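Q: Any chance you can model this:
(chains A and B)
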Amino acid sequence: MLDSKIPPGDLANKWSDYKSKVPLVSPANKLNIDVIIIGTGLAGASAASSLAEMGYNVKAFCFQDSPRRAHSIAAQGGINAAKNYQNDGDSVYRLFYDTIKGGDYRSREANVHRLAEVSTNIIDQCVAQGVPFAREYGGTLDNRSFGGVQVSRTFYARGQTGQQLLLGAYSALSRQISKGSVKMYNRHEMLDVVMVDGVARGIIARNLLTGQYERHFGHAVVLATGGYGNVFYLSTNAMGSNVTAAWKAYKKGAMFGNPCFTQIHPTCIPVSGEYQSKLTLMSESLRNDGRIWVPLKKGDNRDPESIPEDERDYYLERRYPAFGNLVPRDIASRAAKERCDEGYGVGATKMAVYLDFKDAISNLGEDTVRSRYGNLFQMYNKITGDDPYKTPMRIYPAVHYTMGGLWVDYNLMTSVPGLYSIGESNFSDHGANRLGASALMQGLADGYFVLPYTIGQFLSKDIRTERISTEDEHFIKAEKEARSRNETLLNIKGKKSVESLHRELGKIMWDNCGMSRNEKDLKNALIQIKDLKNDFWNNVFIPGSDSELNLELEKAGRVADFIELGELMIYDALDREESCGGHFREEHQTPEGEALRDDENYTFVSAWEYKGEDLEPELHKEDLNYKEVTPTQRSYK
Amino acid sequence: MKELSIKLKVWRQKSSKDKGRFVDYDVPGLNEHMSFLEMLDVLNERLISLGEEPIAFDHDCREGICGSCSMVINGKPHGPLKGTTTCQLHMYHFNDGDSIVIEPWRAKPFPVIKDLIVDRTPFDRIIQSGGYISVNTGSAPDGNAIPISQEDALYAFDAAACIGCGACVAACKNASASLFVSAKVSQLASLPQGQPERDKRVVAMVDKMDEEGFGHCTNTGACEAECPKEISQEYIRKMNWEYHRANIKG
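A: Residues are numbered from 1 along each chain as shown, chains lettered A, B, ... in the order given. Next comes the predicted model:
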């Protein structure tokens, strides 16, 4: 049933052979083909501009007031590419290998190799757009290293790489909007996919300003809607980031891949109280020069400055001498949790560890440290009131990225014909753990260099398909359903705010399906979520109506979907009886507490199929075949 | 941990057609580590529990980078702290018992949509008029083919750091968008990749800015003073120079 459609041939030649043979759509035919793109982050904006340049009619949608505000903008550290500009032995193969290994051998070889191949084009494209990457004195591009690898392949623009790349993609998108080849819909939210004869042929959207429901036709629909980290309530995602579009697709038959694979980022500013609305990431690049430690003595309450060297435990350097502070994210996060759970944590809540720049400042000088991390130090100072030039940062892991997402084949098409998923919204390239600086790479790879080719596979067979009128019964029915769901929500008129219910969901997920998981808690969480769902649909209160700007209604729709997703994540976490990457099952660990993978029984992608309201989802397995790389226990020691 | 009680005066306006008015709210029991927006979240939850409409405001990343949040706090766009967006402003900068006035951006080209939310799409249209380099996907030369000095790259970066929030317009007595426009013009004009369209771009963007109803720059400097990213006014000088240069060349 699941066909990943990986092309034949040698791994190294698959993509170039595919590109040479993929059917083309003639320029005249492209003019008659409409493509809908939901989301304008790195993946969505780059896909929209590229498809429009090729001649397709593109309609792009975002819920923000401008496409420039998508959450890709907040990515700090950088973007990987196998340029080998530093002459340190990097290559396409090495980037491929690092990504497969970093993903703990749970991603597809062919997809990851393609990603590594196109990585170099991304840098060229972005430079040409005027993205101001960091430069060396001689004028060439500068690189830094990032967690989980031993080469310097990360390109960056101070601590604002995501912003600069997104503004590049936004400028390309703006150019196409001005030409009329992209029609942009700001402040619109997709509420459903419209299916006609088993193919995705459009969407229902709500104009968030007027409340009007709209029907839009497209020969194909592309979801570039980001990740679902906000299922945990607290995460580093933007407040508006949500799973709704992907969830509607799931309910229309698109399978959901590896939903329990979530990434907990090791270096975030710790939670300070109940009122907290979101968490702030401190870029992983800080681990290049910062050293992570906790006091050797339990419950040591002295100021960090007055704890002498020999009473500090640099636990990452101790446990993983080969990679030290640069171990991958899942490992760094669990190690921090382990120390705090054991009672070595620091700060008021004792749920934090130190990230210390004392040695970096004395070795490199304060100016060099400032030039590398100035804006990050400033951000930390603003939030906490502490000065990291003088005292170590306090950090703790937080939900940051979701490797899981809609299942897609090699063409990036979901299991629904005509429905694509790109960027973080799909499950594809990062396996069970994503390496730093690879999210920006994948978003732009999908949007600029992969989808524009692979979508031809589908659209070339669609050149005779006439535009379907939005007066068609399928559109009318889908609109009616979206409308009636909102009406139901508004009519509950209970006593609980959407926010408070979302907070409850977050707590269930973080406590039971977060950094470490076990059968008992997961089963318990399943019951709690069912109760919460019930509570939500009986007791939520949403003021106002659906015929106006109504922020509470928007949030309610998203939280309702998050609750259902939470349930699916738990099913997935329960089923996967192994520890791999971001998924740590307490029952499966080595005596030293490292993750214990089970390659014999779990070398597959879990793809879940929706079976109906209140029915258990059905698991399908896509076996992963490693031909190029032999899975080994991932060691960073 | 310090507890605060704050008195708020918040601009409430149902829609662009409504006249709008200030409404007073007492907000007791706040924690000093809350962000300003979390303080509003707390107030909104209380309003909802009373069956009232929460205060509408734009916000998203809450990390000071998306440019969504936009409110004038005690007369200053993004509030009292230099180089800081509203979402990065924390309550420990206020004292117990303080009165705080919150208004939307006030500028003709940015009409109020609801409460503190304004329409900033004129900024998108200005970028669409020329704020890009015309390069199609797939046609770029190698990234290292064009060396760019560290100085030029930094000059471009500092301009490109603009988050498009519109505080410069809200701060300006003429509602000029010069700081926003000049940042994009300067970024692209200072890079070799931006040369082919250099003249056309500046003229198109400045003309569009006028057409959208933004006022002229009279060098007061309020924009730079209030910009949460501390974008320098020097870029406005650069834009004016670029604009005249392009027109003289004709």
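Q: For the most centrally placed residue in chain B, list the residues it contacts.
A: Chain B has residue B:165 as the residue nearest its centroid, 2.1 Å off, counting by CA atoms, centre = their mean. Listed by CB atoms under 8 Å, 6 or more residues apart in numbering or on different chains, the contact partners of residue B:165 are B:67, B:68, B:69, B:70, B:78, B:85, B:228. The way it works is simple: take the backbone N, C-alpha and C, and place the C-beta from them, glycine included.
Q: For it, give me the pLDDT.
A: Reading off the confidence values, residue B:165 has pLDDT 98.
Q: and it, which of the three is it?
A: Applying DSSP: H, G, I helix; E, B strand; the rest coil to residue B:165 yields a three-state assignment of coil.
Q: Domain map for the chain?
A: Went with chain A since none was named. As recorded under automatic domain parsing, the domains making up chain A are A:267-397, A:479-603.
Q: hmm, I had chain B in mind actually
A: B:3-103, B:120-249.
Q: and of those domains, who's closest to residue A:360?
A: Closest of these to residue A:360 is domain B:120-249, at 21.1 Å (criterion: CB to CB).
Q: Give me the spatial nearest neighbour of the residue in chain B that chain A sits nearest to, chain neighbours excluded.
A: Going by CB to the nearest CB, chain A is nearest to residue B:147 of chain B, at 2.9 Å. Closest residue to residue B:147 apart from its sequence neighbours, by CB to CB, 6 or more residues apart in numbering or on different chains: residue A:139 at 2.9 Å.
Q: Now do the one you found against residue B:149, distance only.
A: Distance from residue A:139 to residue B:149, counting by CB to CB, to the nearest Å: 5 Å.
Q: shaky segments in chain B?
A: Across chain B, the ranges flagged by pLDDT under 70 are B:1.
Q: Which residue comes closest to residue A:75 once chain neighbours are left out?
A: Closest to residue A:75 by CB to CB, 6+ apart is residue A:162, at 2.6 Å.
Q: Would you agree the one you found is in contact with residue A:443?
A: No - judged on CB atoms under 8 Å, residue A:162 makes no contact with residue A:443 at a distance of 9.2 Å.
Q: lowest average confidence, helix or strand, in chain A?
A: When the helices and strands of chain A are scored by mean pLDDT, DSSP states H and E, helix A:366-384 comes last with a mean of 89.
Q: Would you indicate which residues of that one are buried?
A: By 16 or more other CB atoms under 10 Å in any protein chain shown, the buried positions in helix A:366-384 come out as A:369, A:372, A:373, A:375, A:376, A:377, A:378, A:379, A:380, A:382, A:383, A:384.
Q: Now stretch B:71-85 - C-alpha only, PDB.
A: Output in PDB follows, covering the C-alpha atoms of stretch B:71-85 (Å, rounded to 0.1, in the frame of the first residue of the first chain):
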ATOM      1  CA  MET B  71       1.800  48.500  20.100                       C
ATOM      2  CA  VAL B  72       2.600  51.900  21.400                       C
ATOM      3  CA  ILE B  73       3.300  51.700  25.200                       C
ATOM      4  CA  ASN B  74       3.200  55.000  27.100                       C
ATOM      5  CA  GLY B  75       3.700  56.900  23.900                       C
ATOM      6  CA  LYS B  76       6.600  54.800  22.600                       C
ATOM      7  CA  PRO B  77       6.400  52.200  19.900                       C
ATOM      8  CA  HIS B  78       7.400  48.900  21.500                       C
ATOM      9  CA  GLY B  79       7.600  50.600  24.900                       C
ATOM     10  CA  PRO B  80      10.400  52.200  27.000                       C
ATOM     11  CA  LEU B  81      13.300  49.800  26.400                       C
ATOM     12  CA  LYS B  82      15.800  50.700  23.700                       C
ATOM     13  CA  GLY B  83      16.300  48.200  20.900                       C
ATOM     14  CA  THR B  84      13.500  45.900  22.100                       C
ATOM     15  CA  THR B  85      10.200  44.700  20.700                       C
END
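Q: Remind me what the lengthiest helix in chain A packs against, helices and strands.
A: Across chain A, the longest stretch assigned as helix under DSSP state H is helix A:551-575. Here helix A:551-575 touches strand A:188-196, helix A:244-251, helix A:473-492, helix A:498-513, helix A:519-539, strand A:604-609, going by 3 or more CB pairs under 8 Å, 6 or more residues apart in numbering or on different chains; DSSP states H and E.
Q: so what's residue A:635 scoring on pLDDT?
A: Reported pLDDT for residue A:635: 77.
Q: Next, count neighbours for residue A:343.
A: Number of residues near residue A:343 (other CB atoms under 10 Å in any protein chain shown) recorded here: 11.
Q: still on that earlier bit, which one of the buried residues of helix A:366-384 is nearest chain B?
A: Of all the buried residues of helix A:366-384, chain B sits closest to residue A:382, with 5.0 Å by CB to the nearest CB.
Q: correct me, but that closest one touches residue B:85?
A: No - here residue A:382 lies out of contact with residue B:85, judged by CB under 8 Å, at a distance of 9.5 Å.
Q: can you list the residues of the stretch 401-550 of chain A near chain B?
A: For the stretch 401-550 of chain A, the residues in contact with chain B (CB under 8 Å from any CB of the partner chain) are A:448, A:449, A:452, A:495, A:497, A:499, A:500, A:541, A:543, A:544, A:548, A:549.
Q: Would you check which pair of those residues lies furthest apart?
A: It's A:449 and A:495 that sit farthest apart of those, by CB to CB, at 50.8 Å.
Q: Looking at the two, which is more packed in?
A: residue A:449 (25 against 13).
Q: chain center to the strand or helix carrying residue A:28, what's the gap?
A: Using DSSP states H and E, residue A:28 maps to helix A:27-30. Centroid separation between helix A:27-30 and its chain, computed with CA atoms, centre = their mean, to the nearest Å, is 34 Å.
Q: Just give me the longest helix of chain B.
A: The longest helix of chain B (DSSP H) is helix B:234-249.
Q: Now the residue of the stretch 1-150 of chain A at minimum distance from chain B, what are its backbone angles?
A: Per CB to the nearest CB, the residue of the stretch 1-150 of chain A with the smallest distance to chain B is residue A:139, at 2.9 Å. Backbone geometry at residue A:139, expressed as degrees, to the nearest 10, gives phi 100, psi -10.
Q: Likewise for the one 5 residues further on?
A: Summarising the backbone geometry of residue A:144 under the convention degrees, to the nearest 10, its torsions are phi -130, psi 170.
Q: Tell me what it is bridged to.
A: Residue A:144 has the following beta-bridge partners by DSSP bridges: residue A:154.
Q: so it sits right up against residue A:287, yeah?
A: No - assessed by CB under 8 Å, residue A:144 is found out of contact with residue A:287, at 10.9 Å.
Q: and residue B:145, how many neighbours does it have?
A: Residue B:145 is flanked by 11 other residues according to other CB under 10 Å.
Q: tell me the SS of it?
A: Classified using three-state DSSP, residue B:145 is coil.
Q: got the CA positions of stretch B:177-186 in PDB?
A: What follows is stretch B:177-186, C-alpha atoms only, in PDB (Å, rounded to 0.1, in the frame of the first residue of the first chain):
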ATOM      1  CA  ALA B 177       8.400  54.800   6.000                       C
ATOM      2  CA  SER B 178      11.800  56.100   5.100                       C
ATOM      3  CA  LEU B 179      13.700  53.900   7.500                       C
ATOM      4  CA  PHE B 180      12.000  50.700   6.400                       C
ATOM      5  CA  VAL B 181      12.400  51.500   2.700                       C
ATOM      6  CA  SER B 182      16.000  52.800   3.000                       C
ATOM      7  CA  ALA B 183      17.100  49.600   4.900                       C
ATOM      8  CA  LYS B 184      16.000  47.400   1.900                       C
ATOM      9  CA  VAL B 185      17.400  49.800  -0.700                       C
ATOM     10  CA  SER B 186      20.700  50.100   1.100                       C
END
